[in-house]
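Q: need coordinates for the below:
(one chain, ligands or ions: 1)
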Amino acid sequence: MFSRKVVENLKNSSAIRAMFEEGARLKKEFGEANVFDFSLGNPDPPPPEGTIAALEDLVANPPPGIHGYMNNAGYADVRAKIAERLAGKSGVPLTQENIVMTCGAGGGLNVVLKALLDPGDEVIIFSPFFVEYKFYTENHGGRIVVVPTEEGSFLPDLDALERGISPRTKAVILNTPNNPTGVVYPAELLAGMEDVLQKKGREYGRVIYLVSDEPYRDIVYDGVEAPEVLRIFQNALVGYSFSKSLSLPGERIGYVAASSRIEDCATLCEALAFTNRTLGFVNAPSLFQRLVGRSLDAKVDVGIYRERRDLLYGHLVKLGFSCVKPGGAFYLFPKSPLPDTAAFKQMALKHKIILVPGNGFGCPGYFRLAYCVGIETIKNSLQAFTALAKEAGL
Ligand code: PLP
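A: Okay, here's the model as predicted:
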C-alpha cells in the first residue's frame, strides 16, 4: 500500500487543482472565452523583454560549464550580487555565504524547514495561509500551529501570536504581500512581532526563527512597500522567488537569504546547502541562476496587475461584495455572500466563474480570485459577476 499519510493528504489538498480541472472541463464545453478561470496563481504576462533577451544571449553564448553541477548553494558570483543588493536595502551585512540558490520559493521553504526542524517542532502560520505550508512543515517532521489574523484586515494579531507560541515553537512563517489576501504587513506591526518572538524566545530559552516567504515582494501597488524583514528580525531567513516577478514559475528559481545576525549563521548556511543537496534538488537550475544573475533589476510591469486589480476589485465592491483592497500580490479574497462557501462556489460555476473557496486556506466564509489572468477575461467576466451577485442576493 502507498503511504497512508500521503493518501490522506491527497483527499484534502486538491481544492485549487480541482477547480482548475473544473475550469478545463468547462472551457472544453463552452469555449475558452466564455469561462472565467480565477483559480490559479500562474502569471499571465510574459517575462520582461530584457530577461528574454538575456536568456537568448545565454543560449547563443553559453558560459563554460553552463550545464554542469556547481556548489550546492549555487554560483558564487550570482549569490554575491544578490547578497550585495539585500545588504544595501536592509543594512544587514551579507555575503555570498548567506545566500543559497533554490528551486523557487517552494524549494527554498523545504530547504529551510529541513535545516531547522527536529521531530515534533511547531511552526506557526497565520490564517488564511498558503496551502502548502502544512505539507512542507510535515515533510520534515514538524507540526503547524495556525494563528488567525484579525477579522476584516487580515493582519496578524500579536496577542494571538503570543498565545500560539509554545516551548516547541521553532519558527514562524510570514507571507507578505500575502497569498490569498493581497495584504502587505506594515513594518511597525512586524517590529511588534519581533518583540514577541524575542520575549518568548527568552522565556523558553530557544531561538524562534522568522521565515519570510516573499514571492510577491516586487508586486506592490500605490507606493506601498514590502517591509524589510532582514532589518526588522534578528533571526530572519528570507525566501524569494523569481516565479512571479519575472513570470518564470515553471523554471523553478529563487533563493534563501539567512541573516548574519543569526547565532552560528555559518553552520546554518552550511546546513541550507546540505539540505538543498540531500532533498534531491542538488542545486538550483544552472541556466536560470545565470539568467537571474543578469536580470536582478528586471521585473514584470506591475501596472499590468494594477489595472486588473482596479477593474475587478472596483466592480465587486460596487456590486456589494466585501473585500480588502490588496496592496500587493495578485489575489482578491472577498467574503462569500452565502454562509456556505461551497454552495457559493457551485453558484459561481453556473455563471462560468471559477473561484477557490477559502476553506483550503484555513479561512471558510471567503473565496479567492487570482487576477493574474488576461484583461479581456476580466472584462468579459464583469457581467457574470453582476448576475452572480444578483443571484446571491447582494
Ligand atoms: N509561497 C506562496 C505564498 C505562493 O503563493 C507560492 C506560489 O504560488 C509559492 C510560495 C511557491 O512559489 P514558487 O513557484 O517560487 O515555488
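
Q: wait, a strand at G360?
A: No: with DSSP: H, G, I helix; E, B strand; the rest coil as the criterion, G360 is located in helix rather than a strand.

Q: measure it to V131 for me?
A: Separation of G360 from V131 (Cβ to Cβ, to the nearest Å): 5 Å. C-beta: built from backbone N, CA, C; applies to glycine.

Q: which residues are in contact with both of these two?
A: Common contacts of G360 and V131 (Cβ atoms under 8 Å, 6 or more residues apart in numbering): A15, I16.

Q: point out where the stretch 51-200 of the chain drops to low pLDDT.
A: Nowhere does the stretch 51-200 of the chain drop to pLDDT under 70.

Q: tell me the residues of the stretch 251-394 of the chain that contact the ligand?
A: Residues of the stretch 251-394 of the chain lying near the ligand by Cβ under 6 Å from any ligand atom: G254.

Q: mind redoing it with 8 Å?
A: R252, I253, G254, A329 (Cβ under 8 Å from any ligand atom).

Q: just give me the neighbour total for the nearest residue to Y133 once chain neighbours are set aside.
A: Excluding the flanking residues, the one nearest Y133 by Cβ to Cβ, 6 or more residues apart in numbering is I125, at 4.8 Å. Using other Cβ atoms under 10 Å, I125 has 24 neighbouring residues.

Q: could you give the bridge partners of I125?
A: V146 (DSSP bridges).

Q: ok, it - contacts?
A: Y133, K134, T137, I144, V145, V146, V147, V172, I173.

Q: got the end-to-end distance for stretch 68-78?
A: This stretch, stretch 68-78, spans 16 Å end to end (Cα to Cα, to the nearest Å).

Q: about what we covered before: any idea how far the residue nearest to Y133 is from the ligand?
A: 11 Å (Cβ to the nearest ligand atom, to the nearest Å).

Q: P45 touches K299, doesn't it?
A: No: assessed by Cβ atoms under 8 Å, P45 is found out of contact with K299, at 10.5 Å.

Q: between those two, which one's more packed in?
A: Shown here are P45 and K299; by other Cβ under 10 Å, K299 has more neighbours (19 against 14).

Q: is that one part of a helix or strand, or is it coil?
A: coil.

Q: okay, it and L369: tell me how far apart.
A: From K299 to L369 the distance is 23 Å (Cβ to Cβ).

Q: swap in K350?
A: Relative to L369, and taking Cβ to Cβ, K350 is found at 17 Å.

Q: how is this protein carved up into domains?
A: If you go by automatic domain parsing, the domain ranges for the chain are 4-47+300-391, 50-293.

Q: contacting residues for the residue lying closest to P326 once chain neighbours are set aside?
A: With Cβ to Cβ, 6+ apart as the measure, G182 is the residue that lies nearest to P326, at 2.3 Å, once sequence neighbours are left out. Applying Cβ under 8 Å, 6+ apart, we find G182 in contact with R309, V324, K325, P326, G327, G328, A329, F330, Y331, L332, F333.

Q: contacting residues for the residue in the stretch 151-300 of the chain positioned nearest to the ligand?
A: As assessed by Cβ to the nearest ligand atom, the ligand sits closest to S241 within the stretch 151-300 of the chain, at 3.0 Å. For S241, the contact set (Cβ under 8 Å, 6+ apart) comprises G104, A105, G106, G108, E214, P215, I253, G254.

Q: would you list those in a markdown table and tack on secondary structure and neighbour count?
A: Below are those laid out as a markdown table (DSSP: H, G, I helix; E, B strand; the rest coil; neighbours: other Cβ atoms under 10 Å):
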| residue | secondary structure | neighbour count |
| --- | --- | --- |
| G104 | helix | 27 |
| A105 | helix | 27 |
| G106 | helix | 21 |
| G108 | helix | 30 |
| E214 | coil | 23 |
| P215 | coil | 25 |
| I253 | coil | 25 |
| G254 | strand | 26 |
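
Q: need the max-distance pair from the residues you listed.
A: Largest separation among these by Cβ to Cβ: E214 and I253, giving 14.2 Å.

Q: contacts only, for the most centrally placed residue in the chain.
A: In the chain, the centroid-proximal residue (Cα atoms, centre = their mean) is P215; its distance is 4.9 Å. By Cβ under 8 Å, 6+ apart, the residues touching P215 are G104, A105, N179, G239, Y240, S241, S243, K244, S245, G254.

Q: rerun at 6 Å
A: P215 makes contact with A105, S241, S243, K244, according to Cβ atoms under 6 Å, 6 or more residues apart in numbering.

Q: so which of those residues sit within strands?
A: S241 (DSSP state E).

Q: farthest-apart pair in the contacts of P215, please.
A: Counting by Cβ to Cβ, the most remote pair of those is A105 and K244, 9.0 Å apart.

Q: returning to that earlier point: can you list the residues of the stretch 251-394 of the chain next to the ligand in CSV and add pLDDT and distance to L40?
A: Supplementary listing: those in CSV, determined by pLDDT from 0 to 100; distance: Cβ to Cβ, whole Å:
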residue, pLDDT, distance to L40
R252, 98, 16
I253, 98, 19
G254, 98, 19
A329, 98, 14
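
Q: quick one: the residue nearest to T278 when sequence neighbours are not counted and D121, what's the gap?
A: With sequence-adjacent residues excluded and distances taken as Cβ to Cβ, 6+ apart, T278 is closest to K114, at 7.8 Å. Distance, K114 to D121, by Cβ to Cβ: 12 Å.

Q: burial count for Q346?
A: When neighbours are counted by other Cβ under 10 Å, Q346 comes out with 12.

Q: quick one: the helices in the stretch 201-350 of the chain?
A: Using DSSP state H, counting those that start in this stretch, the helices of the stretch 201-350 of the chain run over residues 229-232, 242-245, 265-278, 286-293, 302-319, 341-350.

Q: deepest-packed of these, please.
A: helix 242-245 (a mean of 25; mean count of other Cβ atoms under 10 Å).
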